[in-house]
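**Student:** Build the 3D model from these lines:
(chains A and B)
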Number of protein chains: 2
Amino acid sequence: MSDLQLQRRGLLCVVSGPSGSGKTTLCRRYSNADPAAVYAISATTRTPREGEKDGIDYFFLSREEFESRATRGEFLEYAEVHGNLYGTLKSEVLAHINEGRDVLMDIDVQGASLIREQSDPAIREAFVDIFIMLPSEEELLRRLDYRGTESRDQVELRLGNAREEMRHWADYRYTVVSQDKETDFTTFSAIMAGERCRSSRLTPCEDAINQHPELGL
Amino acid sequence: MSDLQLQRRGLLCVVSGPSGSGKTTLCRRYSNADPAAVYAISATTRTPREGEKDGIDYFFLSREEFESRATRGEFLEYAEVHGNLYGTLKSEVLAHINEGRDVLMDIDVQGASLIREQSDPAIREAFVDIFIMLPSEEELLRRLDYRGTESRDQVELRLGNAREEMRHWADYRYTVVSQDKETDFTTFSAIMAGERCRSSRLTPCEDAINQHPELGL
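**Tutor:** As a prediction, this is how the structure comes out:
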């Protein structure tokens, strides 16, 4: 008797949220905890810092190479920040999701919106977006201040940016209203576990299709 | 400073699966464990059995009343089984979901497909469907046999029905490949937790809209 087991394709999970929402921690913790998940490695034109390794911390590209690959449409999204280019290579993401691994990215609302507009069917099918929302203005201020050593102006700037990011929660399939680190991680993990059960990303194994034609739709 | 808290509307979670998949146990256990979830009470024309209470075990209706309410479109779905009518009243489900409670129903693939075709926007928005799949033909046989005292013919009939149900897994948003009771319950709970974070079912509280116009989209 044969197995009816269903195989799944990987997810591309894009996580946004205001500064202080803990989105980076969530992505890193989840990808560290789960062998079937990886944190997306960005490409950048900036110079490696001491100890940074190509292919581990970033893919370090020359400006020429970055721009020519961008022109060829090889990036899911990219942006210039303080004179350096940063972006996510489509090939890097597709390699993982085709092997059933989930790719996690934390990215701002502009970057997320570029990925949302991708027409590649493999990317669209894998795409899941999650917004990490703060429960109150008070909590936003508290978390922004926690960063420490900035001037009042710098805090005001970050507050304005955070409010602007928060306008976009409803563009995301999921919104997690942040509570504490553990609760947020549990909720985040639940969303991932649920998305892994989406029928649209499951395919019957070949043996099962041969012996159970009803499974191959 | 005001709360940015988002309120959610309830889910209508429809669960199907072959005989032996444990769908009823999952729905009952989840609704018992979570105060924000209820197990849908069906209406029926059959005579109450000893100890059964109207409004708790079933809504007991006369055939005339059932049929006239069915004609008025008051049922989400209904079917005749062994000469008795069984169905789910739309009003019963809507009352719960409007108050933010999740309604769980286990129902066969025909019933689920009737609910999936509902045009009422409140039902469509709340709707989530989950299929509980068995991992192998061997496991299906094992679970069917476990029921005990049936003849070979009865087991064959149930096996045929189960195979027919299993053809429909891909019609459901989620498919849980059943492992053991605890794992299935964890996965089921994760799907529910994830669906509770769907942005499309969240609305900012009124206070938050007044003070944070960016939230009211």
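**Student:** just the helices in chain A please.
**Tutor:** A:23-33, A:63-71, A:90-98, A:109-116, A:121-126, A:137-145, A:152-166, A:181-195, A:206-211 (DSSP state H).
**Student:** A:Met56: what's it in contact with?
**Tutor:** Let me fix one detail, which is that residue A:56 is Ile and not Met. A:Ile41 (CB atoms under 8 Å, 6 or more residues apart in numbering or on different chains). Backbone N, C-alpha and C define where each C-beta goes, glycine included.
**Student:** Give me the pLDDT value at it.
**Tutor:** pLDDT, A:Ile56: 90.
**Student:** now do A:Leu76
**Tutor:** Note for A:Leu76: predicted pLDDT of 96.
**Student:** A:Arg142 too?
**Tutor:** A:Arg142 is assigned a predicted lDDT (pLDDT) of 87.
**Student:** any low-confidence regions in chain A?
**Tutor:** By pLDDT under 70, the weakly predicted segments of chain A are A:1-4, A:146-149, A:206-217.
**Student:** let's see 80
**Tutor:** Across chain A, the ranges flagged by pLDDT under 80 are A:1-5, A:145-151, A:205-217.
**Student:** Mind listing the residues bridging to the residue positioned nearest the centre of it?
**Tutor:** For chain A, the residue lying nearest the average C-alpha position, counting by CA atoms, centre = their mean, turns out to be A:Met105 (2.2 Å). On the basis of DSSP bridges, A:Met105 is bridged to A:Val14.
**Student:** Which residues belonging to stretch A:54-69 are considered buried?
**Tutor:** For stretch A:54-69, a neighbour-count test (16 or more other CB atoms under 10 Å in any protein chain shown) marks A:58-61, A:66, A:69 as buried.
**Student:** any chance of those in CSV, with distance to B:His82 too?
**Tutor:** Output for the buried residues of stretch A:54-69, formatted as CSV (distance: CB to CB, whole Å):
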residue, distance to B:His82
A:Tyr58, 66
A:Phe59, 65
A:Phe60, 71
A:Leu61, 70
A:Phe66, 69
A:Arg69, 66
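**Student:** circling back to that earlier point, please name whichever of the helices of chain A is nearest to chain B.
**Tutor:** Of all those, helix A:181-195 sits nearest to chain B, with 3.3 Å by CB to the nearest CB.
**Student:** Now do the same contact list for A:Tyr30.
**Tutor:** A:37, A:104, A:185, A:188-189, A:192.
**Student:** near chain B, from those?
**Tutor:** A:Ser189 (CB under 8 Å from any CB of the partner chain).
**Student:** In CSV, list the contacts of A:Tyr30 along with neighbour count.
**Tutor:** Formatted as CSV, the contacts of A:Tyr30 follow (neighbours: other CB atoms under 10 Å in any protein chain shown):
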residue, neighbour count
A:Ala37, 20
A:Leu104, 26
A:Phe185, 17
A:Phe188, 26
A:Ser189, 19
A:Met192, 21
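**Student:** Let's have the contacts of A:Tyr30 in a markdown table, adding distance to A:Met166.
**Tutor:** Listed next are these as a markdown table, based on distance: CB to CB, whole Å:
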| residue | distance to A:Met166 |
| --- | --- |
| A:Ala37 | 26 |
| A:Leu104 | 21 |
| A:Phe185 | 21 |
| A:Phe188 | 18 |
| A:Ser189 | 23 |
| A:Met192 | 23 |
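**Student:** Looking at the contacts of A:Tyr30, which is nearest A:Asp129?
**Tutor:** Closest approach between the contacts of A:Tyr30 and A:Asp129, by CB to CB: A:Leu104, at 11.4 Å.
**Student:** Contact partners for the closest one?
**Tutor:** Residues near A:Leu104 by CB under 8 Å, 6+ apart: A:13, A:15, A:27, A:30-31, A:37-40.
**Student:** now it: how far from A:Gly10?
**Tutor:** Separation of A:Leu104 from A:Gly10 (CB to CB, to the nearest Å): 11 Å.
**Student:** biggest separation within the contacts of A:Leu104, which pair?
**Tutor:** A:Val15 and A:Val38, at 13.7 Å, using CB to CB across the contacts of A:Leu104.
**Student:** These two - which one has more neighbours?
**Tutor:** Higher neighbour count among A:Val15 and A:Val38: A:Val15, with 26 against 19, using other CB atoms under 10 Å in any protein chain shown.
**Student:** just checking, that one touches A:Ile107?
**Tutor:** Yes - between A:Val15 and A:Ile107 there is a contact at 7.3 Å, judged by CB atoms under 8 Å.
**Student:** Tell me who's in contact with A:Glu165.
**Tutor:** By CB under 8 Å, 6+ apart, the residues touching A:Glu165 are A:16-19, A:108-109.
**Student:** and those residues as a markdown table, adding distance to A:Ala79 and neighbour count?
**Tutor:** Shown next, in a markdown table, are the contacts of A:Glu165 (distance: CB to CB, whole Å; neighbours: other CB atoms under 10 Å in any protein chain shown):
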| residue | distance to A:Ala79 | neighbour count |
| --- | --- | --- |
| A:Ser16 | 13 | 26 |
| A:Gly17 | 17 | 28 |
| A:Pro18 | 18 | 26 |
| A:Ser19 | 16 | 16 |
| A:Asp108 | 8 | 19 |
| A:Val109 | 12 | 21 |
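**Student:** Looking at those, which are in strands?
**Tutor:** Those of these mapping onto strands are A:Ser16, per DSSP state E.
**Student:** Can I get the contacts of A:Glu165 in CSV including distance to chain B?
**Tutor:** Listed next are those as CSV, based on distance: CB to the nearest CB, whole Å:
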residue, distance to chain B
A:Ser16, 12
A:Gly17, 12
A:Pro18, 11
A:Ser19, 15
A:Asp108, 16
A:Val109, 12
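**Student:** For A:Ser21, which non-adjacent residue is closest in space?
**Tutor:** Among residues not flanking A:Ser21 along the chain, A:Ile132 sits closest, at 3.9 Å (CB to CB, 6 or more residues apart in numbering or on different chains).
**Student:** quick one: contacts for that neighbour?
**Tutor:** By CB under 8 Å, 6+ apart, the neighbours of A:Ile132 are A:15-18, A:21-23, A:26, A:176, A:178, A:184.
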